[in-house]
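> quick one: sequence and predicted model below, then my questions.
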Amino acid sequence: MKRNNGAGMLIAAVIIVFCLILIGCGQKKTGGAPPTPEVAVMTIQTKPVVTTTELAGRTSANLVAEVRPQVSGIIQKRLFTEGSDVKTGQVLFQIDPALYQVALDNAKAALARSEAQLSTTQLRATRFKDLLVQKAVSQQDYDDADAALKQVQADIQYGKATVETARINLQYTTITAPISGRIGRSNFTEGALVTAQQPLALATIQQLDPMYVDVPQSTAEVLRLRRGLKEGRLDQNGANQKKVQLIMEDGAAYPLAGTLQFRDVTVDPTTGSVILRVIFPNPNGVLLPGMFVRAVVQEGVNKQAILIPQQAVSRDPKGNPLALIVDAESNVQLRMLTLDRAIGDQWLVSAGLAPGDKVIMEGMQKVKPGAPVKAVPFEIKGGKNNAESKSTLPPSAKSN
């Protein structure tokens, strides 16, 4: 029993000594100063940046003509192929001209009758004028002869106008294309009765090259753009300022650039926007009227733009953007940012940063404002702030 008690006391003493050694090692280990964390920083520099805005809109033909009859009648022939290209003056429809030919012949006959009466009436008026001097006829007889002459002359003028009207109506029975372009489907077939100035068009012709793209821009965007120009942050004197790129409905880029033609001066009260009209060449007929597209319009050139990668921007609980920088004393400082827009994988910063600031790109999770850090350069491969970027931080120092 004594031997067992001695062995137990010896084991207990060994355990106590071992624990004391561990406690001492732990105190010695925790008693030292923690190492200064390393962060990768990027020095802010300004550079010129072309700012653009993407606006949704629809295409429309630059010329549209609705073909309507100017006289009434039965359509005898349709002389075009639906969906084909037509030229100015090409015959599209033929209305039965029989009644209008008869009206023209009747007008010509009436004119000829009036012209036949002119010579005799004119001679009678001249003869009565000579006899009136000799007092061989009364003044009333001469006045009647002169009035008859004027009546015949008026009938001739009226007959000429009637003939011209009948001739024009006869020409209107042949309906021609008022403009060159692509004609759509026909709303009437042969044998259909049409009336003059009817509301429904016979067909519609649209000129598809070039094409218009009308895009609405909010008045808030217009005011922001004007404010940027006034403050000198934007310059609109570039040679390509009016060039516009087009993105098709399937996301593909339209190969030809357009030109900004004008900005409307009237605000739509229902949408609070103005219309921008852009004209695009369409030699291959890719653009069709009514297509939904997106236009990339250049706003101007920001000559002192500050761009930072999106990975350097965090958000506070309220969603406000912020960034961490390293000051001249190698301490971390918090900067609240005002972001203008995203350009690629970068943010355009309008307020909160200045040239020369060192923004923390990697290691933000290990530091807090006011803490000292060791700043190392943030290296970028190929000048791109994307997944190919590589920091000089060692693997053990990089944040997860």
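Looks like it arrived, so ask away.
> mind listing the strands for the stretch 301-400 of the chain?
For the stretch 301-400 of the chain, the strands defined by DSSP state E, counting those that start in this stretch cover 314-315, 321-326, 332-336, 338-343, 346-351, 358-362, 374-379, 390-391.
> then stretch 348-363 to CSV, C-alphas only?
Extracted C-alpha coordinates of stretch 348-363, given in CSV (Å, rounded to 0.1, in the frame of the first residue of the first chain):
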residue,chain,number,x,y,z
LEU,A,348,-15.6,55.5,-61.3
VAL,A,349,-15.1,57.5,-58.1
SER,A,350,-16.5,61.0,-58.1
ALA,A,351,-15.7,61.9,-54.4
GLY,A,352,-13.8,60.3,-51.5
LEU,A,353,-10.3,59.7,-53.0
ALA,A,354,-7.5,61.8,-54.3
PRO,A,355,-4.5,61.2,-56.5
GLY,A,356,-1.7,59.6,-54.4
ASP,A,357,-4.0,57.8,-52.0
LYS,A,358,-3.0,54.2,-51.3
VAL,A,359,-6.1,52.0,-51.4
ILE,A,360,-6.0,48.6,-49.8
MET,A,361,-6.6,45.9,-52.4
GLU,A,362,-5.9,42.7,-50.4
GLY,A,363,-5.8,42.1,-46.6
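> the helices in the protein, which residues?
Applying DSSP state H to the chain gives helices spanning 2-30, 98-133, 139-172, 219-230.
> confidence-wise, which of the ones you listed is weakest overall?
Per-stretch mean pLDDT for those is lowest at helix 2-30 (a mean of 54).
> got the phi and psi for V367?
Backbone dihedrals for V367, given as degrees, to the nearest 10, come out at phi -130, psi 170.
> number of residues surrounding it?
By the criterion of other CB atoms under 10 Å, V367 has 20 neighbours. For glycine as for every other residue, the C-beta is placed from the backbone atoms N, C-alpha and C.
> do the same with the one 10 residues further on
Look at P377: counted by other CB under 10 Å, it has 13 neighbours.
> find the nearest non-adjacent residue to S114, please.
Leaving aside its chain neighbours, S114 sits nearest to D155 (4.0 Å; criterion: CB to CB, 6 or more residues apart in numbering).
> quick check on P317: phi, psi?
phi -60, psi -20.
> look up how far Q311 lies from it.
Using CB to CB, to the nearest Å, P317 is found at 20 Å from Q311.
> who has more neighbours, these two?
Per other CB under 10 Å, whichever of P317 and Q311 has more neighbours is Q311, with 15 against 5.
> what sits against the closest residue to K368 other than its chain neighbours?
By the measure of CB to CB, 6+ apart, the closest residue to K368 outside its immediate chain neighbours is V332, 6.6 Å from it. Residues in contact with V332 (CB atoms under 8 Å, 6 or more residues apart in numbering) are 39, 324-326, 360, 367-373.
> turn the residues you listed into CSV, including distance to D143 and pLDDT.
Output for the contacts of V332, formatted as CSV (distance: CB to CB, whole Å; pLDDT from 0 to 100):
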residue, distance to D143, pLDDT
V39, 116, 82
L324, 110, 87
I325, 109, 84
V326, 114, 84
I360, 112, 83
V367, 117, 79
K368, 117, 82
P369, 114, 84
G370, 118, 82
A371, 120, 83
P372, 122, 85
V373, 119, 82
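> most neighbours among those, which one?
Highest count within these by other CB under 10 Å belongs to V39, 28 neighbours.
> ok, now which ones touch that residue?
By CB under 8 Å, 6+ apart, the residues touching V39 are 326, 332, 360-364, 366-367, 373-376, 393.
> out of the residues you listed, which comes closest to F128?
If you rank the contacts of V39 by distance to F128 using CB to CB, M361 comes first, at 113.6 Å.
> tell me how far the residue nearest to the spatial centre of the chain lies from I183.
Nearest to the geometric centre of the chain sits V215, at 3.3 Å (CA atoms, centre = their mean). Distance, V215 to I183, by CB to CB: 27 Å.
> likewise R335?
Between R335 and I183 the distance, using CB to CB, works out to 63 Å.
> which one's more surrounded, those two?
More neighbours surround I183 than the other of R335 and I183, with 22 against 17 (other CB under 10 Å).
> tell me the contacts of that one?
80, 82-86, 92, 177, 203-205.
> pretty sure I325 sits against D357.
Yes - the pair I325 and D357 passes the contact test of CB atoms under 8 Å, sitting 5.0 Å apart.
> tell me, what's touching those two both at once?
Residues touching both I325 and D357 (CB under 8 Å, 6+ apart) are R335.
> tell me how far the longest strand along the chain lies from the chain's centre.
As assigned by DSSP state E, the longest strand anywhere in the chain is strand 46-67. The gap between where strand 46-67 is centred and where its chain is centred comes out at 3 Å by CA atoms, centre = their mean, to the nearest Å.
> now stretch 271-290
Taking CA atoms, centre = their mean, one finds stretch 271-290 lying 6 Å from the centre of the chain it belongs to.
> can I get the CA coordinates of it in CSV?
This file holds the C-alpha atoms of stretch 271-290, laid out as CSV (Å, rounded to 0.1, in the frame of the first residue of the first chain):
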residue,chain,number,x,y,z
THR,A,271,-42.1,59.5,-68.6
GLY,A,272,-40.0,62.6,-67.7
SER,A,273,-37.6,62.0,-70.5
VAL,A,274,-36.4,63.5,-73.8
ILE,A,275,-35.8,61.6,-77.1
LEU,A,276,-32.4,61.2,-78.6
ARG,A,277,-32.4,60.4,-82.3
VAL,A,278,-29.5,58.4,-83.7
ILE,A,279,-29.1,57.5,-87.4
PHE,A,280,-27.4,54.2,-88.4
PRO,A,281,-26.4,53.0,-91.8
ASN,A,282,-28.3,49.8,-92.7
PRO,A,283,-26.9,48.6,-96.1
ASN,A,284,-27.7,44.9,-95.4
GLY,A,285,-31.2,45.4,-94.0
VAL,A,286,-30.2,43.9,-90.6
LEU,A,287,-32.2,46.6,-88.7
LEU,A,288,-35.9,46.4,-89.1
PRO,A,289,-38.5,49.0,-87.9
GLY,A,290,-39.7,48.4,-84.3
